[in-house]
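In: I need the structure of the sequence given here:
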Amino acid sequence: MTSNYKQLALWACILFCSVVSYAQVPAGYYSSAEGLSGNTLQATLHNIIDEHTVKSYEYLWTAFGATDIKANGKVWDMYSDIPGGTSAYEYTYSTNQCSTTPGYEGACYNREHSFPKSWFGGEITPMYTDLHHLIPSDSYVNTMRSDLPYGEVSVPTFTSTNGSKKGSNTYPGYTGVVFEPIDEYKGDLARNYFYMATRYYGEDQYWTGSPMVSGSQLTSWAEAMLMEWHLADPVSAKEIARNNAVYGIQGNRNPFIDHPEYATYIWGDFAVEPTNHPADFSAHSITLSWEDATGVTLPDGYLIRMSSVGFGSITTPVDGTEVPAGVSDRYVSYGVESCVIGGLTPETTYYFMVYPYKGSGSAIDYKTDGTPVQVSLKAK
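Out: Numbering: from 1, shown residues only. Next up is the predicted model:
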């Protein structure tokens, strides 16, 4: 991807900044989306950008004067522009607009639904006039694209002057006819689709759909392809300026331009990174383990007695007097063979002695003859 494109886009941003500086991301605009991912994030973003100001279809001609003008004052048409090079033709804003198709490229520009209107049912607002997916386009190339899905083409049946192509899709998952924009604008159009999937999330029950979308949501092959486009063609100054301008007109933003990472949090194999590391990282517990006692008379369980002073401070239990379970005394049933002692102080050595027992209450009988099993361990 040419670096000259990014330089040209920067000049466009400088041109627009005095006009749209009032339309930057408001403080706290995305605060409710922090730490979220998946459908929860998408639903939350939907609530943030929902209910935008709806403009008329006729007003789009005026809107393009703020949203899609190059640094040289010409209309920014992604289907004919050659980033960093000399386009075969350019359009003068307003003068070269048209509503009909002359039948050849380079005659005039019109209004292109990058997300085709037939996919949501035609001239239905707010989708029909939503500027976040409406762009100026060469009229003839717009007609050649028609309502085809975007895709990737190896053997084109049509190629526009800037290299946009029409032909059979070679991206895995769909083999029908598609339209492929040039690499420099693939990310732009991918983010248009992420916007549509989010702005109309839950509002698309009656949409017609297409091989690329079910309602407003991307089908699996389209999702994979657009994620690749999104990552390969990062957000440009052109998109940032356009997002600001559209926000100034209809009062909502494209979250995937402001926060490109949101796309991966929703559709990618990524999780939201936790805010902080854990505090006070230390081992506050000790795990004891043993092999059960054997013999003719097996114990019902074990009394584990603990001290932070030493073995000498651990008293021998008395038969017939059941030691109450507590912080320093734990009972473990026969067959478990392990015990986790928690709530300990780091860097402190603890001493443990184990007494097998039979019975309970006044009938309890601790094994007190011989040498009890004992161990000392330090909590880290």
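In: all helices for the chain, in order.
Out: Per DSSP state H, the chain has helices spanning 3-20, 38-49, 60-67, 139-145, 186-199, 220-232, 237-250, 255-258, 261-267. These are given in chain order.
In: Put together a markdown table for those helices, with mean pLDDT on each row.
Out: Shown next, in a markdown table, are the helices of the chain (pLDDT from 0 to 100):
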| stretch | mean pLDDT |
| --- | --- |
| helix 3-20 | 35 |
| helix 38-49 | 97 |
| helix 60-67 | 96 |
| helix 139-145 | 96 |
| helix 186-199 | 98 |
| helix 220-232 | 96 |
| helix 237-250 | 96 |
| helix 255-258 | 97 |
| helix 261-267 | 94 |
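In: Could you point out which of these sits nearest residue 78?
Out: helix 186-199 (6.6 Å; CB to CB). Glycine gets a C-beta too; all of them are placed from N, C-alpha and C.
In: wait, which of the helices of the chain is closest to residue 362?
Out: Comparing the helices of the chain by CB to CB, helix 38-49 comes nearest, at 57.6 Å.
In: got the angle for the closest one vs helix 237-250?
Out: Counting by axes from the mean of the first three to the mean of the last three CA atoms, to 10 degrees, helix 38-49 points 60 degrees away from the direction of helix 237-250.
In: so what secondary structure elements neighbour helix 38-49?
Out: helix 186-199, helix 255-258, helix 261-267 (3 or more CB pairs under 8 Å, 6 or more residues apart in numbering; DSSP states H and E).
In: about what we covered before: make a markdown table from the helices of the chain and add mean neighbour count and distance to residue 89 to it.
Out: What follows is the helices of the chain, written out as a markdown table (neighbours: other CB atoms under 10 Å; distance: least, CB to CB, whole Å):
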| stretch | mean neighbour count | distance to residue 89 |
| --- | --- | --- |
| helix 3-20 | 16 | 17 |
| helix 38-49 | 17 | 35 |
| helix 60-67 | 19 | 17 |
| helix 139-145 | 22 | 11 |
| helix 186-199 | 24 | 20 |
| helix 220-232 | 19 | 26 |
| helix 237-250 | 23 | 19 |
| helix 255-258 | 24 | 28 |
| helix 261-267 | 20 | 33 |
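In: got those as a markdown table, with distance to residue 360 columns?
Out: A markdown table is the format used below for those (distance: least, CB to CB, whole Å):
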| stretch | distance to residue 360 |
| --- | --- |
| helix 3-20 | 79 |
| helix 38-49 | 51 |
| helix 60-67 | 81 |
| helix 139-145 | 83 |
| helix 186-199 | 63 |
| helix 220-232 | 61 |
| helix 237-250 | 73 |
| helix 255-258 | 64 |
| helix 261-267 | 55 |
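In: do you know which of those lies nearest residue 297?
Out: Residue 297 lies closest, by CB to CB, to one member of the helices of the chain: helix 38-49, at 57.6 Å.
In: domain assignment for the chain?
Out: According to automatic domain parsing, the chain comprises the domains 3-267, 286-379.
In: So which of the ones you listed has the densest surroundings on average?
Out: Among the domains of the chain, ranked by average contacts under mean count of other CB atoms under 10 Å, first place goes to domain 3-267 (a mean of 18).
In: Give me the distance from that one to the chain's centre.
Out: Here domain 3-267 is found 19 Å from its chain centre; the criterion is CA atoms, centre = their mean, to the nearest Å.
In: just to revisit the earlier point, tell me which of the domains of the chain lies nearest to residue 278.
Out: Of the domains of the chain, nearest to residue 278 by CB to CB is domain 286-379, at 14.0 Å.
In: just checking, what packs against the longest strand along the chain?
Out: Identified as the longest strand of the chain according to DSSP state E is strand 348-358. Counting contacts by 3+ CB pairs under 8 Å, 6+ apart, strand 348-358 is packed against strand 301-307, strand 365-366, strand 373-379.
In: Residue 108 is nearest to which of these?
Out: That would be strand 373-379 among those, by CB to CB, at 78.4 Å.
In: other SSEs contacting that closest one?
Out: strand 286-289, strand 348-358.
In: so which of the helices of the chain comes closest to residue 83?
Out: The nearest among these, by CB to CB, is helix 3-20 at 3.1 Å.
In: Find the residue at the geometric middle of the protein.
Out: Nearest to the geometric centre of the chain sits residue 265, at 1.3 Å (CA atoms, centre = their mean).
In: Once you drop chain neighbours, what's closest to that one?
Out: residue 37 (4.4 Å; CB to CB, 6 or more residues apart in numbering).
In: returning to that earlier point: JSON lines please, covering the helices and strands packed on helix 38-49 and showing distance to residue 58.
Out: Converted to JSON lines, those look like this (distance: least, CB to CB, whole Å):
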{"stretch": "helix 186-199", "distance to residue 58": "22"}
{"stretch": "helix 255-258", "distance to residue 58": "26"}
{"stretch": "helix 261-267", "distance to residue 58": "32"}
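In: Out of those, which gets nearest to residue 31?
Out: helix 255-258 (12.5 Å).
In: packing partners for the closest one?
Out: Using 3+ CB pairs under 8 Å, 6+ apart, the elements in contact with helix 255-258 are helix 38-49, helix 186-199, helix 237-250, helix 261-267.
In: ok and the second one relative to helix 220-232, angle-wise?
Out: Direction vectors for helix 186-199 and helix 220-232, defined by the same axes, to 10 degrees, enclose an angle of 120 degrees.
In: re earlier: which among the helices and strands packed on strand 348-358 is found nearest to residue 224?
Out: That would be, of those and by CB to CB, strand 373-379, which comes in at 49.1 Å.
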